[in-house]
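> predicted model, plus sequence, below.
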Amino acid sequence: MTDSAPSIRLELPSLGRHGPRRARALMIQGTASDVGKSLLVAGLCRAYTKRGLSVRPFKAQNMSNNAAVTADSDLPPGPDGEPPRGEIGRAQALQARACRVPPSIHMNPVLLKPQTNVGSQVVLRGRVLGNCPARVYHEMRQGLMPAVLDSFERLCAEADLVLVEGAGSGAEIYLRHCDITNMHFAERAGVPVVVVGDLDKGGTMAALVGTWRLLDQADRDRVVGYIVNKFRGDFSLFEPACHTITAITGWPFLGVVRWFEGASRLPAEDSLALARPAATTGGTLNVVIPRLSRVANFDDMDPLSAEPAVNLRWLESGQALPATTDVVILPGSKATRADLEVLRREGWDIDILAHVRRGGRVVGLCGGYQMLGRVVRDPLGLEGAPGETPGLGLLDLETEIGPDKRLTEIAGRDRRSGCPIRGYEMHMGRTTGPGLERPWLMLEDSLGRVRPEGAISADGRVMGGYLHGIFAADAFRAHWLEQVGAQAARLDFEARIESALDDLADHIEGCLDLDALLALAR
């Protein structure tokens, strides 16, 4: 990857006609990142769906290494005959679930997956275009607006209400000319805007008034009101601030959303959430996950953190692997070789090898699975500079990163227990070697073909595979916990998420006037 030219060729997908616009739409923008936009939209999606409306979420551009597989795609059929799949940000997949509809590439047409500090993999409507330095993407992204508007119109043609989520802050006026996801999009799509401020962070008055001050008059007029989010305590103490905000901006105060305690039961959008405390303490099994620099799909661990018997801890930079660790999980990574270097720089590779020598267990998921082998090669430089990096050597495997990306939802069984499992694959790279003779799983694709997946060491203490979401399978998770010395709770993980979405919808319904909010959509 260079800073002088993109390594992608911009080819827009075919744009179609979708009939008259049916849906009303409303956009939720924030005064900053992490003010709770994604969760608020998810709650509104479920609340309006429970009212009988056909609702769809939309976010023009998302930046996240937490992604989900969609059933639809702009990709051509693959040589194996499987239907092509796409990918979107996991936050929009959760919002789709809140709407009780399958996730679609049109809900998040542009996905940026950071690979370095200055560049990302660019995904357009589920299709990987290539890698692009941030500065170059900044110059080219306005060319993506036709596809973004087309996806938005497709959703509007099939729904009663489209809830649009902005990205970061809508007041970054230096980006206004090339913006595809905040005020420029709102102008092009004719969507009214609600601005959300985060009271938990503080500075809410300054953030809201500052947003108004930075916007030009046309964008100010596009805002139909503001919401104060994540409030704790006595709101009467903050109420005078709302009068001041409205007096200065002219924006109506639409309500306050109090702190939602059930947020930890829902998948988080990005790695900022990893800083929050573990969901359980006092368990008997200590599971440790090194926090890699390009960690991806970290919600794979959510089912384990929900188990009372599990103490789950993310290992931060500068921390050694605790001697009390029972299981190390190496998570997915958007840049496997770079994160192998992180393991070595932190000394975690030495800690993990010593852990295995003491009889400890290691599980690798996707990129973490690749790290367990002898070497990871990237001859084309798809994840950084071309070259190869030694792996941990815990499985007799080697991986070569290639241009083809595997995206599929898939089901199967754990070979040792026979327990059913379900999840998705999302990776670039092909893993080979003698270690595959002891597979971890047996998977069945959409055409009914069965194949082995992953690998297990001869002593059974090291295992890895490409399947994301495996720990969400209740029976498998219970069996796995028993094998590593812990007792599973009677937990229905999928029902737990559904319950949390219903609780979130009820919470928002109790905080906001949803009839008034719906009346603002157009």
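That came through, no problem. It should be emphasised that the depicted structure is a prediction, and the values quoted were computed from it without experimental measurement. Numbers count the residues shown, from 1 in each chain.
> with adjacent residues omitted, what lies nearest to the residue nearest the centre of the chain?
Residue closest to the mean C-alpha point of the chain, counted by Cα atoms, centre = their mean, is residue 66 at 2.8 Å. Leaving aside its sequence neighbours, residue 66 sits nearest to residue 90 (Cβ to Cβ, 6 or more residues apart in numbering; 4.2 Å). In this view, the C-beta of every residue, glycine as well, is placed from N, C-alpha and C.
> what is the neighbour count of residue 493?
17 (other Cβ atoms under 10 Å).
> contacting residues for it?
Applying Cβ atoms under 8 Å, 6 or more residues apart in numbering, we find residue 493 in contact with 302-303, 306, 472, 474, 477.
> can you name the two of those that are farthest apart?
302 and 474 (13.1 Å; Cβ to Cβ).
> my read: residue 62 touches residue 110, true?
Yes. Taking Cβ atoms under 8 Å as the definition, residue 62 is a contact partner of residue 110 at 7.4 Å.
> so the residue nearest to residue 66 touches residue 67, yeah?
Yes. Using Cβ under 8 Å, residue 90 is in contact with residue 67, at 5.9 Å.
> anything in contact with each of those two?
Residues touching both residue 90 and residue 67 (Cβ under 8 Å, 6+ apart) are residue 297.
> compare the two (neighbour count), which wins?
Legend: neighbour count by other Cβ under 10 Å for residue 90 and residue 67, higher for residue 67 (28 against 24).
> isn't the more buried one up against residue 296?
Yes. The pair residue 67 and residue 296 passes the contact test of Cβ under 8 Å, sitting 7.4 Å apart.
> now list whatever residues contact both of these two.
In terms of Cβ under 8 Å, 6+ apart, residue 67 and residue 296 are both contacted by the residues residue 113.
> residue 405: neighbour count?
Residue 405: 18 neighbours (other Cβ under 10 Å).
> could you measure from the closest residue to it other than its chain neighbours over to residue 402?
Excluding the flanking residues, the one nearest residue 405 by Cβ to Cβ, 6+ apart is residue 428, at 4.9 Å. Distance of residue 428 to residue 402, given as Cβ to Cβ, to the nearest Å: 6 Å.
> mutual contacts of those two, please.
Counting by Cβ under 8 Å, 6+ apart, the contacts common to residue 428 and residue 402 are residue 382.
> of those two, who's got more company?
Between residue 428 and residue 402, residue 428 has the larger neighbour count (other Cβ under 10 Å), namely 20 against 14.
> quick check, the more buried one in a strand?
Yes. Judged by DSSP: H, G, I helix; E, B strand; the rest coil, residue 428 forms part of a strand.
> pLDDT score assigned to it?
pLDDT, residue 428: 91.
> and it, what does it touch?
Contact partners of residue 428, counting by Cβ under 8 Å, 6+ apart, are 382-383, 401-406.
> list buried residues within these.
Buried members of these, counted by 16 or more other Cβ atoms under 10 Å: 382-383, 401, 405-406.
> and the residues you listed, which of them are in strands?
401, 405-406 (DSSP state E).
> got JSON lines for the residues you listed, with distance to residue 418 too?
Conversion of these to JSON lines gives the following (distance: Cβ to Cβ, whole Å):
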{"residue": "401", "distance to residue 418": "33"}
{"residue": "405", "distance to residue 418": "31"}
{"residue": "406", "distance to residue 418": "25"}
